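**Q** predicted model and sequence below, questions to follow.
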Amino acid sequence: MTAANDIPVVAFFKRLLDPFLIWGLLIVLSWIYDEPFTGYYLVLMIITFFISSFIFEQTNLYRTWHNGKLLRYIGDTLIGWAIVVAILLFLGYSTKFSYHYSDQLILSWFIITPVALIISHLFVRKIASNLHKNGELRSVVIVGANETGLSIAERIMEFPYLLMKVRGFFEDRDESRNPVPIPSMLGGMSDVADYVRKNNIQMIFISLPMSAQPRIRALLDELHDTTASIYFLPDVYIFDLMQARFDNVGGVPVIAICESPFLGVDSVVKNVSDFVFATLILILLLPLMLGIALAVKLTSPGPAIFKQRRYGLNGEEIIVYKFRSMTVSDDGQKIEQAHKNDPRITRIGSFLRRSSLDELPQFINVLQGRMSIVGPRPHAVAHNELYRKLIKGYMLRHKVKPGITGWAQVNGLRGETEVLEKMQARIEFDLDYLQHWSIWFDTWIIMRTVWVVLRRDNAY
């Protein structure tokens, strides 16, 4: 769930240290090389700030930092900065701005910056570690010993750079009635305010269900004469959240529990990348596609292109194109999936299915706006009507456009789903894709797809 970053050291990096370090190095190098700091360098600083902020967030730089994975953090820093440099070089040469800068200065800046970032982060990390060891932590108590309360306690212990320490829990229910074991029990809800005042507690997390509103209001009234910061952990976390975040409707705060990942800027990025890549692929592969269409037409009776009804974005019916690989064109209420040694598959069709070349016409669907290059694979309407009744969350995969390739397919879930368990596994991967989507995730799936197609697994 997206919200404001509550990790002080990481927030310090993202908002202050990293931008000023990157800018400062550029200014210092201009002084060392006796290069006038013109308005063009100021423009470079501003562009670099926005690009690096986005790239470092997408490459999980700050998350791997506070997870304590040092080598991965260093690798992410180098990769992230390399992407920033590549984008800056592209923009510089495409706009002719590169001629306004000193090549020697910019090269030195490109090389020194990632090293400086890593050293500065390690230095501040050492300071944070010393603060933690010296016990300079914010004291925390949690009201409600349930799964949500235990989860926040585990996160605090897992990430020492939060600089917090959990003193214990307050819970009215006795241990025999509580669904989870109660660790560090400090008392009931009536004891919270007195304990907070006497022990100068700095942070309180209230982990109670929304149905406990009267008790929560009474507790807040008792805590008004304390200086503790109070946070409410809503029990929406008991649900399977998809792209959950805080939002507002006409100024009224709401919590999104189930939403498409493609909203706002992300929607533009996804649609533009789909259009550009689909156009390039169709231009490059047009001769091949014409040859395949002719081969299909000449080797078996029927049309070269097979059209089938599928469910698309928001469950709306769309027409999906494929090169015909079978002697029949099933699109009715009952459809038999292709299986190994299926007599309905033509000779050229067998090759097309193994190589996935039968999917090429779907790039036309992408240009039409019906499909995406990466997304949950579209199923026949008859299959959708069957599985939506059998698999929980099945229709959530239709909150995005269907894809030519997907996270399930590159994890071996291609081809026939002759048992329910295979379809359930496919849906789990589809929903995982929706929960964790990013443009880099799409890129990784496309790279994996090339490898899967070359291996030709589970396709017949």
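**A** Now that the structure is in, tell me what you want to look at.
**Q** buried residues of the host helix or strand of residue 192, list them for me.
**A** Following DSSP states H and E, one finds residue 192 within helix 192-199. Buried residues in helix 192-199, counted by 16 or more other Cβ atoms under 10 Å: 192-193, 196. C-beta here means a position set from N, CA and C on the backbone, and glycine is covered the same way.
**Q** so can I have CSV of these showing pLDDT and distance to residue 115?
**A** As requested, these are exported to CSV (pLDDT from 0 to 100; distance: Cβ to Cβ, whole Å):
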residue, pLDDT, distance to residue 115
192, 91, 49
193, 90, 51
196, 92, 46
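**Q** tell me the one of these nearest residue 78?
**A** residue 196 (45.4 Å; Cβ to Cβ).
**Q** isn't that closest one right up against residue 141?
**A** Yes. Judged on Cβ atoms under 8 Å, residue 196 makes contact with residue 141 at a distance of 6.8 Å.
**Q** follow-up on the earlier one: right, and the helix or strand after the helix holding residue 192?
**A** strand 203-206.
**Q** adjacent strands (with direction) for that following strand?
**A** Strand 203-206 sits in its sheet next to strand 138-143 (parallel), strand 229-232 (parallel), going by DSSP bridges.
**Q** touching that strand from outside, list them.
**A** Under the criterion Cβ atoms under 8 Å, 6 or more residues apart in numbering, residues 138-144, 149, 152, 164, 192, 196, 216, 219, 223, 228-233 lie in contact with strand 203-206.
**Q** the same query, at a cut-off of 7 Å, please.
**A** Outside strand 203-206, the residues that touch it by Cβ atoms under 7 Å, 6 or more residues apart in numbering are 138-144, 149, 152, 164, 196, 216, 223, 228-233.
**Q** which of the residues you listed count as buried?
**A** Using 16+ other Cβ under 10 Å as the burial test, these include 139-144, 149, 152, 164, 196, 216, 223, 228, 233 as buried.
**Q** can you put those residues in JSON lines and add distance to residue 102?
**A** Formatted as JSON lines, those follow (distance: Cβ to Cβ, whole Å):
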{"residue": "139", "distance to residue 102": "52"}
{"residue": "140", "distance to residue 102": "51"}
{"residue": "141", "distance to residue 102": "57"}
{"residue": "142", "distance to residue 102": "56"}
{"residue": "143", "distance to residue 102": "59"}
{"residue": "144", "distance to residue 102": "60"}
{"residue": "149", "distance to residue 102": "57"}
{"residue": "152", "distance to residue 102": "50"}
{"residue": "164", "distance to residue 102": "46"}
{"residue": "196", "distance to residue 102": "59"}
{"residue": "216", "distance to residue 102": "61"}
{"residue": "223", "distance to residue 102": "59"}
{"residue": "228", "distance to residue 102": "54"}
{"residue": "233", "distance to residue 102": "53"}
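**Q** tell me the one of those nearest residue 397?
**A** residue 233 (29.1 Å).
**Q** distance of the nearest residue to that closest one once chain neighbours are set aside from residue 234?
**A** Spatially, and ignoring its direct neighbours in sequence, residue 233 is nearest to residue 207 (4.4 Å; Cβ to Cβ, 6 or more residues apart in numbering). Separation of residue 207 from residue 234 (Cβ to Cβ, to the nearest Å): 9 Å.
**Q** between the two, who's got more neighbours?
**A** residue 207 (25 against 14; other Cβ atoms under 10 Å).
**Q** how near is the more buried one to residue 213?
**A** Distance, residue 207 to residue 213, by Cβ to Cβ: 14 Å.
**Q** what do you get for residue 410?
**A** For residue 410, the distance to residue 213 (Cβ to Cβ) stands at 46 Å.
**Q** do you have the strands of the stretch 201-350 of the chain handy? List them.
**A** Assigned by DSSP state E, counting those that start in this stretch, the strands in the stretch 201-350 of the chain fall at 203-206, 229-232, 245-249, 252-256, 305-311, 317-323.
**Q** any idea which of the ones you listed is most buried?
**A** strand 203-206 (a mean of 22; mean count of other Cβ atoms under 10 Å).
**Q** re the thing from before, neighbour count winner among residue 410 and residue 213?
**A** residue 410 (21 against 10).
**Q** tell me how the chain divides into domains.
**A** Per automatic domain parsing, the structural domains of the chain span 8-133, 138-238, 265-455.
**Q** the strands paired with strand 203-206: lowest mean pLDDT?
**A** Across those, strand 229-232 has the smallest mean pLDDT, namely a mean of 86.
**Q** can you dump the C-alpha coordinates of that strand into PDB?
**A** Output in PDB follows, covering the C-alpha atoms of strand 229-232 (Å, rounded to 0.1, in the frame of the first residue of the first chain):
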ATOM      1  CA  SER A 229       2.200  10.200  17.900                       C
ATOM      2  CA  ILE A 230      -0.800   7.900  17.200                       C
ATOM      3  CA  TYR A 231      -1.300   5.800  14.100                       C
ATOM      4  CA  PHE A 232      -4.300   3.700  13.100                       C
END
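**Q** which residues does it contact?
**A** Against strand 229-232 from outside (Cβ under 7 Å, 6+ apart): 202-206, 223.
**Q** right, I'll call it a day here.
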